[in-house]
Structure formats: structure tokens, C-alpha cells
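Enquirer: what follows is a predicted protein model with its sequence.
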Amino acid sequence: MVFALFTDILIVFTIALVVGLIFNRMKVPPLVAFILTGIIVGPYGFSLIHGEEQVNSLAEIGIILLLFTIGLEFSFKDLWKIRLIAIVGGALQVGLSFAFFCGLALLYGWPAGEAVLMGFLLSLSSTAIVLKILHERGEIDSPHGSIALGILIFQDLAAIPMIMAIPFLASTSLFSVAPLLTGDALVQLIIQDLVIVFILFAGAKWLIPRFLYEIAKTKNQEMFLLFIIIICFGVAWLVSFTGVSLAIGALLAGLLISGSEYSHQAVSIVLPFRDIFTSFFFISVGMLLDIQFVAANLGGIIFLILAVISVKAILATAAPLALGYPLRIAALTGLALAQVGEFSFIIAQSGLTVGILPVDTYQTFLAVALVTMATAPFMLGFGHPITARLCRLPALSVIAQGTCGIDDGKHHPERRDHLVIIGYGMTGRNLTRAARNGKIEYAIVELNPDLVTEARLEGQPVIFGDATSEGVLNHAGIHSARIAVIAINDPIAIRKITAQIRRLNEAITIIVRTRYVSETEALYLAGADEVIAEEFETSVEIFTRVLNKYFIPRDQIDTFINEVRAGGYQMLRSRSVPLANIPELIRNIPNITITAFTVERGSPLAGKMLGDFNLRKRHNILILAIQRGEETITGIGGETRLEAGDVAIVYGTPSYIALGAGLFKGENER
């Protein structure tokens, strides 16, 4: 039996690797590759494995570890920072999607429990897929990336009560007024729940932190891992007595540790195990997909795929629109969330197990979910061209204008020779402060409603709108501006804005801040005059400080910096960096030491002038400066007198400094 299971695992991983490599070239998420692997090896495919029960057991462990790590990584502080987007935007998206799909199922005559479950399934999107794609495209910090992240966090939280509600959906009619439990049974359940809550509270407050501290002191990774696994499975086992699933118990276990200082270490240890076991879950999902059923109902399934993608995209667009974001940003967010999520598979499988979801409906859901997840990278890839067309449609002009508002709430005289700042983040704030101090007239363009409100309260001349829109730029006076600074985090929008500004004003100076140096060439081609790449400006600052520590003359450092910037950072990107302007002194610099000595009373140097000792010739050391009380003496010459208590800054090789140390010590110390 063990050998058979070993053989099955080997077959599964080999096929998953091959399929994953092929899908990686096609930019298809790995989760889809795992599901397809399950289809290939499962009973409806080539029936390559026979230990389906063992695979399902491994899949269950994967779900437990998945929810455990979600609990570990969850932070109420982080949620509070994006509370408007996450709570309000997420509630709108989930609520609208649930209401639509559940209501549609009820209209078609589905049983209430099945309709509610379908609302659950289709209201969630894939956190793993969306965040991975946004990260690869460099859009994780863009406006639509931030909104999508907030909504996904809310969805993950909403999935918890959805999973917990499944046993209740199966045990009663939604529209029945009959109680689920008798009075005695209800009292017993409440007492049992209170006892478990008390145990969990006591453990989180006193026991777990103490044990974690004691185990962390041993610096033994194996013991730490073992204790983390015990907490995960132990809490899941304990909570299961209340009727809650093991997976939800594991989530609670993660939340117990999430507030401690050891949560990050716990995540890093559990993560590899989670990824391995979670892959078994998606493989087990694929094993349940009946290819013959899909082929027999292909037309209807294709229609449902298109309908689900379209409806989810439209409803997810409505949430950011309701929060006041521009149509382009809202539509990009909607396209990013237009797929079924990984939690939906957990809910669907639970619904199938308890009998809410019929087999045919489950098969249809699997096919629809698989394709929507596979299309996610392409939806985001075509997102910008699609949204550009949407914003130009006459039918949507009212929506576009209403959400890309170009009214800053104040009357301004016509601006001329001013500065246009696009983006009111850290860079934008500092730039407005500098412009105000320099008495430079400026206008700010920002599309985040919260930042716009904050800027208006500060008395800033801010315009709410999307700078990719010509109307917004015109309202900012781009035709008569001298300089435009683009300081936003959306790489594709940056290029569009740069080209738009250059088209509207050929004489303007455009300065762009970008994250990566790989984007500089495209921005110069789009019309930028200066491109500042955070990636390499950080490296410039680092090597400047390093060279300063090695006492390279400042003028030579400045020359090197100018050459790096003038060459478009090519010097730093090249493997062999030209060092013609760095003196040969750097080769011997490790043999030079700067240290400090206190001139003690009774020492040979106390009360003497430096010219009397000629330290450089006789002892091969040099005094660079003297600290005397609050005074720092830097003009050192032969007539400089050392006093007892002075602190001398001494320069020389380690051996000569060691030999000369006695000159600074008192008679008793030598």
C-alpha cells in the first residue's frame, strides 16, 4: 500500500511538473495546471492513479495548512489601513455578486440552499492568481492593484462564514421557522462553545506565547516547527467538537499566533509544506471533473463561462465606482476580479459532500471555474486597451465624467508657467512642500478620493481625476505649464500620461518617477525629459555612502554619479563597471584605520604641541581632528597643542596605530 501511494505521488508530481512548465510559458496560473493534472490522472481521464482516498486525505491537510497560514498572515492593523476599500468596497462587491447569482438561481427555480451556495461560489475571486499577476506586471501598488487587494482581503474573510454556513444550509430549509435545535441541545451547545472559547482565549493569552518563547530560546528549528504543527492541528481538532470543520479550526489557530512576534517565522516554516499539500487539493478537484459531461454540455458551459466573467467584471467595477474612483480604475479592478476563487472550490466540495450541490451542477461549476481562472492573466493583459475604449464610448461618457471629476471645488485664475504634479503620495507631498516654499504655483492631479479629500483639507489646489484623460490634464492647465512631474505607481498609466502630456504640450519639461530602470527607455520614447528610477537611485545613494566611508574624494564621487546618470544607468547595469575615476587608494583602503584616543593626564602628548612629536614621520600616524569638550578642532597644524582629556581622531594602518597608542596613555597605563 505504501509503495502504491508512493507511485501515485510520483506520477502526480511528474505530470504536474510537465503541465506546469507548459502553462508557465503560456502565462497560465499554476493552480490551473494542478487541476488539469487531476483531470489527466483521475478516473475520468487516463486513470493513472488508484489511491484516490489517500490523495483526498493529503488534500484535506493542504486545506488545513492553507487556512492556517491565512490566519497567520492576517493583520487587523493592515486591514484598518485600507478599511474603506476592504470593508466598504469588498462588502459591495461580494454583496452585489451574491445577490445577483443567488437571485438568478432562485428565479430559475433552484432550491434555496443550492441558490445560496451558488451565490457564495460566484462572489469570490482568486487571491493567489490575482496577486501573482499584479506582482509580475508591477501593478501591485497601482490604484487598481490596491483596490483589488482590499476587496480580495474582504473576500477571504467572507469565505469563513460561508464555509461555516454550509452545514446549516444542509440541515434546514432557509424559509422554515422551525428551530434547528431543541432547548436542551442549544444550551448544551452554547456551554460547550463557551468552554472551548475560554480554552482558546487562555491559550492565546498565556500558554502559547510562553511556550513559543521557551522554544524560540532553544534556537531549534525542528522543535519550533513541531510546536507550530501541534497548535495548528490541535486547535483544529478541539474546535471540531463544536461542529466546525477542521479547516476553520486551523484558521482560528493561525489567528491565535498572528499577533505574536513569532508569526512571520511560523509562516516561513509552514509555507513549503502548505504549497505541497495544497497542490494535492487542486489535483483532487481536477480528478472529479468529468470530461464526457463537459463535452456533452459544451455549448451551455461556454455560455456560462462568458456570462460569469462578464457579470463578475461588471459587478466588481461597480464597487470602486461607488467609492468615487474613475471609470478606468474601476474597470481594471473589475477585470482583475472576473474569475472564480480557490475558496470557491472548498465551498463547492463541502456543498457536494453534504448534499446541497447536485453532481451535474458541481461538474458545471468545475468547468466554469477552471476556464475563468485560466483566462485571468489575459483579462488583466487586455485590461488597459479595453478600459481605454470603454472611457471613449459615448454611452459611458456620463459615468466617466462623473467619476473622473475635474472640479477641485475652487475657482482658480488661469495658470501659466506653473508646475503640474500628478500623484499625491510621498513624492507628491514633498514636491508640493518644496514648491510652496519656493513660491512656485502648482496644481495636483490625484484619483484616490481619500487623498483628494485630505489634500483639500490641507488647502492644496488638487484636481480629482484620472490623468490619462485629456480633459483632466487640460483642467490642470497642462498647455501653459512649464514642468509636469508624474509620481504614481501604475507603470502603464505612467506611459499613457507621459505621451498624452507630450502631445498636448511639446515645450513642457516632463519628469517621471518610476520604480524600475527597465521602464526608463519606454518612458523616454513616450516623451519624458527626465526619468528617475527608484531602483537605481537607491543604488546610487548606497554606493555614494560606501565610497564616502572609503574616503574617496567627493568630487570624484560626484563625477562618477554624473557619468552613471548621463549613461542612462548603463554603467551600473554592465557587469564590468569602469573605475577610471576611482583612485588606486581604494585598493589599499582595507589597511587604513581611523580610530579615536583620549589624551590621558600624564601621557607624552598631554600639554605638548604636535610639531614637537612629528607624528607622521616618526610614528606613521596622523591626527585628523580633536574633540575638546563641545568644540571640534579640524585645522590641525604643528602648533596645535593637545590637552589632557582631548579626544584625538587618529588615521593610520592598524599596526602603526597599535604602536602609537602608548603616546596617548598616562604613565600608569603604559
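Expert: Happy to help now that I have it.
Enquirer: which of the three states applies to residue 531?
Expert: Secondary structure, DSSP: H, G, I helix; E, B strand; the rest coil: residue 531 is strand.
Enquirer: run through the residues that contact it.
Expert: Residue 531 makes contact with 511-512, 514, 519-520, 523-524 under the criterion CB atoms under 8 Å, 6 or more residues apart in numbering. Any C-beta I mention is one placed from the backbone N, CA and C, and that applies to glycine too.
Enquirer: try 10 Å this time
Expert: Counting by CB atoms under 10 Å, 6 or more residues apart in numbering, residue 531 touches 486, 494, 498, 510-514, 517, 519-524, 568-569.
Enquirer: bridged to it, which residues?
Expert: Beta-bridge partners recorded for residue 531 (DSSP bridges): residue 512.
Enquirer: quick one: pLDDT of it?
Expert: As predicted, residue 531 sits at a pLDDT of 88.
Enquirer: for residue 482, same thing?
Expert: Reading off the model, residue 482 has pLDDT 93.
Enquirer: I figured it hits residue 440, correct?
Expert: Yes. Assessed by CB atoms under 10 Å, residue 482 is found in contact with residue 440 at 9.1 Å.
Enquirer: need the overlap of contacts for these two.
Expert: 417-419.
Enquirer: got the contact list for residue 350?
Expert: 63, 117, 120, 162-167, 169-170, 245, 247, 356-357.
Enquirer: could you flag which of those are buried?
Expert: Buried members of those, counted by 16 or more other CB atoms under 10 Å: 63, 117, 120, 162-163, 165-167, 169-170, 245, 247, 356-357.
Enquirer: secondary structure element holding residue 597?
Expert: Per DSSP states H and E, residue 597 falls inside strand 593-598.
Enquirer: elements contacting the next helix or strand after that strand?
Expert: Scanning forward in sequence from strand 593-598 by DSSP H and E, the next helix or strand is helix 615-619. The helices and strands touching helix 615-619, judged by 3 or more CB pairs under 10 Å, 6 or more residues apart in numbering; DSSP states H and E, are strand 622-628, strand 647-652, helix 654-660.
Enquirer: report the mean confidence score over helix 615-619.
Expert: 83.
Enquirer: contacts for it?
Expert: By CB under 10 Å, 6+ apart, the residues outside helix 615-619 that reach it are 605, 610, 613, 621-623, 648, 650-652, 656-657, 659-660, 663.
Enquirer: out of these, what pair is the most spread apart?
Expert: For these, the maximum inter-member distance is 17.4 Å, found between 610 and 659 (CB to CB).
Enquirer: what's the following helix or strand after the helix or strand where residue 217 lies?
Expert: Mapping residue 217 onto the secondary structure by DSSP H and E places it in helix 208-218. Next helix or strand after helix 208-218 toward the C-terminus (DSSP H and E): helix 221-239.
Enquirer: show the average pLDDT along that following helix.
Expert: 86.
Enquirer: that helix vs helix 208-218, what angle?
Expert: 160 degrees (axes from the mean of the first three to the mean of the last three CA atoms, to 10 degrees).
Enquirer: mind giving me the packing neighbours of whichever helix or strand comes after helix 221-239?
Expert: Next helix or strand after helix 221-239 toward the C-terminus (DSSP H and E): helix 246-258. Packing contacts for helix 246-258, counted by 3+ CB pairs under 10 Å, 6+ apart, involve helix 52-73, helix 143-171, helix 183-202, helix 208-218, helix 221-239, helix 263-287.
Enquirer: one more time with 6 Å, if that's ok
Expert: Helix 246-258 makes packing contacts with helix 52-73, helix 221-239 when contacts are defined by 3 or more CB pairs under 6 Å, 6 or more residues apart in numbering; DSSP states H and E.
Enquirer: out of those, deepest packed?
Expert: helix 52-73 (a mean of 21; mean count of other CB atoms under 10 Å).
Enquirer: quick one: pLDDT of the closest residue in space to residue 127 that isn't next to it in sequence?
Expert: Take residue 127 and drop its neighbours on the chain: the residue closest to it by CB to CB, 6 or more residues apart in numbering is residue 152, 4.5 Å away. Per-residue confidence at residue 152 stands at 89 (pLDDT).
Enquirer: got it, and residue 53?
Expert: According to the model, residue 53 scores 75 on pLDDT.
Enquirer: output the below-cut-off pLDDT ranges for the stretch 201-350 of the chain.
Expert: By pLDDT under 70, the weakly predicted segments of the stretch 201-350 of the chain are 243-244, 259.
Enquirer: what count of nearby residues applies to residue 625?
Expert: 16 (other CB atoms under 10 Å).
Enquirer: oh sorry, the question was meant for residue 268
Expert: Residue 268: 10 neighbours (other CB under 10 Å).
Enquirer: any idea how far residue 319 is from it?
Expert: In this view, residue 268 and residue 319 are 33 Å apart by CB to CB, to the nearest Å.
Enquirer: try residue 110
Expert: 26 Å.
Enquirer: still on that earlier bit, look at residue 610 and residue 659 and report which has more neighbours.
Expert: Neighbour comparison, residue 610 and residue 659: the larger count goes to residue 610, with 20 against 14 (by other CB under 10 Å).
Enquirer: residues touching the more buried one, list them.
Expert: Contacts for residue 610 (CB atoms under 6 Å, 6 or more residues apart in numbering) come out as 638, 640.
Enquirer: go with 7 Å
Expert: Applying CB atoms under 7 Å, 6 or more residues apart in numbering to residue 610 gives the contacts 623, 636, 638, 640, 642.
Enquirer: pick out the most distant pair among those.
Expert: Pairwise across the contacts of residue 610, and taking CB to CB, the largest span is found between 638 and 642, at 12.0 Å.
Enquirer: more neighbours: which of those two?
Expert: residue 642 (24 against 10).
Enquirer: secondary structure element for residue 20?
Expert: Going by DSSP H and E, residue 20 is part of helix 2-25.
Enquirer: show me what the helix or strand that comes right after that helix is packed against.
Expert: Next helix or strand after helix 2-25 toward the C-terminus (DSSP H and E): helix 30-41. Judged by 3 or more CB pairs under 7 Å, 6 or more residues apart in numbering; DSSP states H and E, helix 30-41 is in contact with helix 2-25, helix 263-287, helix 359-381.
Enquirer: helix 30-41 to helix 359-381, inter-axis angle?
Expert: Using the same axes, to 10 degrees: helix 30-41 against helix 359-381 is 140 degrees.
Enquirer: average pLDDT across helix 30-41?
Expert: 86.
Enquirer: report the distance from that helix to the chain centre.
Expert: 27 Å (CA atoms, centre = their mean, to the nearest Å).
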